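1. mind folding the following:
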Amino acid sequence: MKVSSLLIYMLFPILIQAQETNLDSLENLLPEREGEEKVNLLNELCWQYGAIDIKKSEEFGRQALSFAYQFGDSLLIAQVYNDLGTVFFRKSEYDSAIMLYKHSLRIRQREGKDNLVAASNSKIGTAYQELGKFDLAIKYQLEAIRYYEEAQDSIRMSQGYTNLARVFYDNHEYEKSIRYNEQALDIFTRYNYTYGMATTLGSQALNYQKKGNARTAITLLENALELFRSIRDNYNIATVLLDLGQLYREQGDIQKGISYYQEAIALAKETNDLHTFAMTSANLANIFVETGEFDKAEKLYLEALDIAIQNQLMIVEHQCYRGLSELYKKTGRYKDALDFKSKQYSVRDSIYNIEKYEQLSDLETKYETEKKEQEIELLTAKNEINQLLIRRQQAYILAAIVGIGLLFIISLLWYNRKRLQQKALLEAEKNKFRKKLLHASVEAEEKERKRIARELHDGVAQQLSGLKMAWQVISKELKGESEIKLKEITKTLDDAADEVRNISHQMMPKVLSTNGLVLAIEDMLAKSLKYSPINFKFEHFAVDGRFDEKIELSLYRVCQELVNNVIKHSGANFVSVQLFKSNNNLILMLEDNGKGISPENKKDGIGLLNIASRIDTVDGEINYEPSPASGTVATVRIPLVERKGE
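-> All right, here's what the predicted structure looks like:
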């Protein structure tokens, strides 16, 4: 008969230990404070009293809410609802806690405070957890985790993992619970977050205890105890001592169990942690009942029961009633045993809303023999009804587990789909931006080519022509050997002027703008291959019209670059070029009989990268294939947009 301490370990967003503050001093400050300061002080008192006096905690919370509404600060009101919800959570009134948490959630959503919205979702999920509504618990916990993942808040994300682990623990899916705890523990360890590591080890121990691995559970708890001691967290130290006492008791080491219980009780008294004190006292009383020390057991039960009633700790209250009923049954006080058994059922119904009753015939018979037959008949009828209710409840639980599993899978699929959609959208935007940047770069390059071509043609070429004419005039006045040398220099000037014009035409071929793509390619092939050992053949079909200027210029530059690659790298002595239209596409094919393109050059060559960039600006594509004649076939395909008016 164990009072579980799981609640303390698991609820990161809700049950953080109260600070050791002089509460009387805080209360004395109340008359001096106004407005927001007063609300914050009342909120602090509500939180601090939560662990030691739940009635005063609720009283201060309600006062804080009243003043917060007078002050009119929405976020302050949301915070008060949040802390007041925690008061009702501690009282095990989970429906009321959920209502208050949702009030806080709506305000925080309206104010756009995503981090506070995530915290509210986590608390709502934890409250649904206590009600056994696992589907809703998972929904709200995943909402919180999703935010913390996107915000890259590793610590709070890990706390969300521990809350999910608790969902699976309560649903007896211990392997899943262990897996989520391991994820959380890994992150806490990476960040050296001692409190997180200790609490996760404590909750992990409970999983191994349920799996029947008590030794591993004890090791984990002892590690957690060492971590809590290192940060002097006396509240959780007492909790770990409580669980270690229970485990050693289950292993048959009663004396060690009693030792841990007594240390936990002393520490809980010292820190005024009434919740842990009551739970540990109830567990120690269990041992004294088993060892026949009934007076000690009764004293501990009654002391724990008084604290539980005063602070509305219904789970502890339930355990005390059950323990006292067993104690009085063993000592022959059957009337008292029956009375406490009835109280036990009443409290249990309030917590779990379960209509399942145990057989009371022994107690009832010894208390009032003359009503034996009537009581037996009544209890038998109740038992039959309860068996039906149990079977129905089992069916509901099975359906709920299946539903939770499906919901969890659907949630994960939806979440992954959303992430993929967002990633695809982002990639599309990046591609769009890259394409705009590429277009701008190519356009700037062409403008610069035109400028340089004009400078060469209208500037340097004209000056060379003028110099040539002047030189010719001078040469007519000279005779003999000087005349011959001047003629040679004149020829050199003439060649230089031609070369400048050729460069100008290559940078921005005039024939392309005046005569179109076919004649421009023909002219380029003739000039580029004029002084090389490479023969060429140029064929064109159904391309007599003009096309969009960008298409013509891009295809011309691509062809020019391909020809230059053939001259420089291929070792070919023949190249075939074809230009034609097919299915509203303009297609250029260039085939050489050289040595082909190596995989390295195909991937990283600067010329080929320039070609790819050019083609991308007109939404085209290029493909390189081995030529049947042991060279390379380059095929360029560009969607065709004809010039208007041509």
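
2. tell me how far A297 lies from V575.
-> Distance from A297 to V575, counting by C-beta to C-beta, to the nearest Å: 104 Å. No exception for glycine: its C-beta is placed from N, CA and C like everyone else's.

3. shaky segments in the stretch 251-400 of the chain?
-> For the stretch 251-400 of the chain, the stretches flagged by pLDDT under 70 are 350-385, 388.

4. helices of that one, residue ranges please.
-> Using DSSP state H, counting those that start in this stretch, the helices found in the stretch 251-400 of the chain span residues 254-271, 274-290, 294-310, 314-330, 334-352, 361-367, 372-454.

5. take the second one, keep the C-alpha atoms, and write them as PDB.
-> Translated: helix 274-290. Only the C-alpha atoms of helix 274-290 are listed here, as PDB (Å, rounded to 0.1, in the frame of the first residue of the first chain):
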ATOM      1  CA  LEU A 274       3.200  19.000   4.500                       C
ATOM      2  CA  HIS A 275       2.400  17.100   1.400                       C
ATOM      3  CA  THR A 276       5.500  14.900   1.500                       C
ATOM      4  CA  PHE A 277       5.300  14.600   5.300                       C
ATOM      5  CA  ALA A 278       1.700  13.300   5.100                       C
ATOM      6  CA  MET A 279       2.600  10.800   2.300                       C
ATOM      7  CA  THR A 280       5.700   9.500   4.100                       C
ATOM      8  CA  SER A 281       3.900   9.200   7.400                       C
ATOM      9  CA  ALA A 282       1.200   7.100   5.700                       C
ATOM     10  CA  ASN A 283       3.800   4.800   4.200                       C
ATOM     11  CA  LEU A 284       5.700   4.400   7.500                       C
ATOM     12  CA  ALA A 285       2.400   3.600   9.200                       C
ATOM     13  CA  ASN A 286       1.900   0.800   6.700                       C
ATOM     14  CA  ILE A 287       5.100  -0.900   7.900                       C
ATOM     15  CA  PHE A 288       4.100  -0.600  11.600                       C
ATOM     16  CA  VAL A 289       0.700  -2.200  10.800                       C
ATOM     17  CA  GLU A 290       2.600  -5.100   9.100                       C
END
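
6. renumber starting at 57 from here on
-> Okay, using 57 as the starting number, the last item reads as helix 330-346.

7. now do that helix against helix 370-386, angle only.
-> 20 degrees (axes from the mean of the first three to the mean of the last three C-alpha atoms, to 10 degrees).

8. list the buried residues for helix 330-346?
-> By neighbour count on 16 or more other C-beta atoms under 10 Å, the buried set for helix 330-346 is 330-345.

9. so that helix versus helix 350-366, what angle?
-> Going by the same axes, to 10 degrees, helix 330-346 makes 150 degrees with helix 350-366.

10. and helix 330-346, what does it pack against?
-> Judged by 3 or more C-beta pairs under 8 Å, 6 or more residues apart in numbering; DSSP states H and E, helix 330-346 is in contact with helix 290-306, helix 310-327, helix 350-366, helix 370-386.

11. mind listing what H596 touches?
-> 574, 577, 634-636 (C-beta atoms under 8 Å, 6 or more residues apart in numbering).

12. nope, F396 is what I was after
-> 377-378, 380-381, 384.

13. from these, keep the buried residues only.
-> Buried subset of the contacts of F396 (neighbour count, 16+ other C-beta under 10 Å): 377-378, 380-381, 384.

14. circling back to that earlier point, in a markdown table: the contacts of H596, plus secondary structure.
-> Shown next, in a markdown table, are the contacts of H596 (DSSP: H, G, I helix; E, B strand; the rest coil):
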| residue | secondary structure |
| --- | --- |
| V574 | helix |
| I577 | helix |
| Q634 | strand |
| L635 | strand |
| F636 | strand |
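
15. and the residues you listed, which are buried?
-> 574, 577, 635.

16. ok, so of these, who is nearest Q368?
-> Taking C-beta to C-beta as the measure, Q368 sits nearest to L635 out of the buried ones among the contacts of H596, at 89.5 Å.

17. what's the closest non-adjacent residue to that closest one?
-> H596 (4.3 Å; C-beta to C-beta, 6 or more residues apart in numbering).

18. just I243 next, same as before
-> S214 (4.3 Å).

19. for Y196, what are its contacts?
-> Counting by C-beta under 8 Å, 6+ apart, Y196 touches 177-178, 180-181, 184.

20. nearest to I154, of these?
-> Nearest member of the contacts of Y196 to I154, counting by C-beta to C-beta, is I180, at 5.9 Å.

21. that closest one touches H159, doesn't it?
-> No: using C-beta atoms under 8 Å, I180 and H159 do not qualify as a contacting pair, with a distance of 10.8 Å.

22. most tightly packed of the helices and strands packed on helix 330-346?
-> When the helices and strands packed on helix 330-346 are scored by mean count of other C-beta atoms under 10 Å, the highest mean neighbour count falls to helix 290-306 (a mean of 24).

23. follow-up on the earlier one: now the helices of the stretch 307-456 of the chain in TSV, with distance to T272?
-> Below are the helices of the stretch 307-456 of the chain laid out as TSV (distance: least, C-beta to C-beta, whole Å):
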stretch	distance to T272
helix 310-327	17
helix 330-346	21
helix 350-366	30
helix 370-386	26
helix 390-408	30
helix 417-423	39
helix 428-510	26
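
24. if we can go back for a sec, find me the pLDDT at the residue nearest to L635, would you?
-> We have a pLDDT of 91 for H596.
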